[in-house]
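Undergrad: here is the input, now give the coordinates:
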Amino acid sequence: EPVAILKAESTIPQFQVTVKTIEAGREFAAEVRLNADAEPGRYSGELKIETDLAEQGTITIPLRANISQ
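TA: I've put the predicted structure just below:
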């Protein structure tokens with residue numbers, strides 16, 4: 001069944017998420033980038049991807065990072 005990505009975001013404000021379509025309705029790539037002005041430290045949160053699928057509308061992926069100077 002084809003799927004559409006409706007929204008993708010990080011619960012960590014210092015990270016930005018971009019979703020690229022590789023094969024429409026079937027394959028996507030999520031790129032998570034650290035903002036240039038982010039402070040060093042440990043970050044913990046989630047990547048949340050909302051889809052149009054009724055049985056699995058939201059996919060949640062843990063995000064963890066340890067940023068040094």
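
Undergrad: could I get the full set of strands for this structure?
TA: 5-10, 15-23, 27-34, 41-51, 58-67 (DSSP state E).

Undergrad: which positions within the third one qualify as buried?
TA: Under the neighbour-count criterion of 16 or more other CB atoms under 10 Å, strand 27-34 has Phe28 buried. Every residue, glycine included, has its C-beta placed from N, CA and C.

Undergrad: give me the most central residue, the protein.
TA: Nearest to the centroid of the C-alpha atoms of the chain, with distances taken as CA atoms, centre = their mean, sits Leu47, at 4.0 Å.

Undergrad: so what's that one bridging to?
TA: Using DSSP bridges, the bridge partners assigned to Leu47 are Ser10, Ile61.

Undergrad: adding mean pLDDT, write the strands of the chain out as CSV.
TA: Output for the strands of the chain, formatted as CSV (pLDDT from 0 to 100):
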stretch, mean pLDDT
strand 5-10, 96
strand 15-23, 96
strand 27-34, 95
strand 41-51, 96
strand 58-67, 94
